[in-house]
Structures are given as C-alpha cells and as structure tokens.
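1. here is the input, now give the coordinates:
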Amino acid sequence: MPQVEITTDTKIAEQIAAAVDELRALELTVGIHGSEGPHDEAEGMTVAQLAAIHEFGIGVPERSFLRSGIRAQRKKITRNLELAGKRVVELKLEPKQALGLVGEDLVGEIKARIANKEITQDLADATVEAKERTNVRSGHGTGALIDTGQLINSITHKVG
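-> Next comes the predicted model:
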C-alpha cells in the first residue's frame, strides 16, 4: 500500500496572526489633534485648546461634541470595530486601513452633529447676534461651535 504524506501550509495562519498582532498594537484617536495649530479667531490659543474649553465647559457652558458624539454612536462604533476586525482576520483589509475607516465614519458623525446643531446651545444673545452677522459673511450657521468653520474642519482621526 502506498504511503500518504500530509503537509500543512501555515502561511495563511501566520499572516492572520501577524495582522491581528498589528491591529492590537494600533491606536485610533478621533478629535482635534495638537498639530492643528493656532486658532484664527482666538489669539494665543490653539484649535485644540479652544475645543477643550467647549468640550469641558472651562469658563463657558459645556458644549461636548466629542464625548457626546462617541456616546451617541457607541453601538455603531462597536459594530464598525467588529467588522474591521473581521476584515483584518479575513485578510481583506490592512489593520491601519480598517481602523482608518472606523475613524473616518466617527469623524463624519461628530461633524454632522455639530452641523445639524445637535450640540446643546447656551449662547448669550450677543453671541447669537455676532454669529448671525458672521453667518451672512461666511455661510456658516449660528449653532454652537459653528462660526468660522475652523473647529469643525479640524476634527480628524489618526491611526498609529
């Protein structure tokens, strides 16, 4: 009787393990990163500092756009992360690409909440009047966190 030799190719299993290890080592951040630099309208302040003032209510009423956006999208974020992990294990997406897609989606959701004026607004009458004048010039709305557009346009994601 002929002898049968069985060999096992572990190449795909090794690729999956390496992709999962890379995914575990990555970090996704969403927000306004320090590299955004100075804010055009707030002298001596970066966009990230101005965002923190509004996010945590430092000297102004709290207008959380990041934390509230993440809370509002918690189920969707979880689902997107699960899908991203699945695509990495299936070797259909690179780990950075998979997390990048999750980040892009969340950035879009946070920006939409601001643009749709879903952020709690507690604006002084003078602020509303000033925003209405700005709106005529810039085309931006009068809602909280909307004036020049610099803050909303500075919301990004990073994978590293």
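
2. how about the strands in the chain?
-> Under the criterion DSSP state E, the chain contains strands at 28-31, 156-159.

3. show me what the first one packs onto, helices and strands only.
-> The criterion is 3 or more CB pairs under 8 Å, 6 or more residues apart in numbering; DSSP states H and E, and the helices and strands that strand 28-31 contacts are helix 66-72, helix 95-115, strand 156-159. Placement of C-beta: from N, CA and C, glycine included.

4. give me the low-pLDDT residue ranges for the chain?
-> In the prediction, the chain carries residues with pLDDT under 70 at positions 42, 120-144.

5. rerun that using 80 as the cut-off
-> Low-confidence segments of the chain (pLDDT under 80): 1, 7-9, 35-43, 119-148.

6. which residues in it form helices?
-> Applying DSSP state H to the chain gives helices spanning 11-25, 47-56, 66-72, 74-89, 95-115, 125-138, 150-153.

7. can you list these in a markdown table and add distance to residue 36 and mean neighbour count?
-> Listed next are those as a markdown table, based on distance: least, CB to CB, whole Å; neighbours: other CB atoms under 10 Å:
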| stretch | distance to residue 36 | mean neighbour count |
| --- | --- | --- |
| helix 11-25 | 26 | 12 |
| helix 47-56 | 4 | 18 |
| helix 66-72 | 14 | 16 |
| helix 74-89 | 23 | 15 |
| helix 95-115 | 13 | 18 |
| helix 125-138 | 19 | 12 |
| helix 150-153 | 8 | 18 |
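
8. can the helices and strands packed on strand 28-31 go into TSV with extra columns for distance to residue 149?
-> Formatted as TSV, the helices and strands packed on strand 28-31 follow (distance: least, CB to CB, whole Å):
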stretch	distance to residue 149
helix 66-72	17
helix 95-115	10
strand 156-159	14
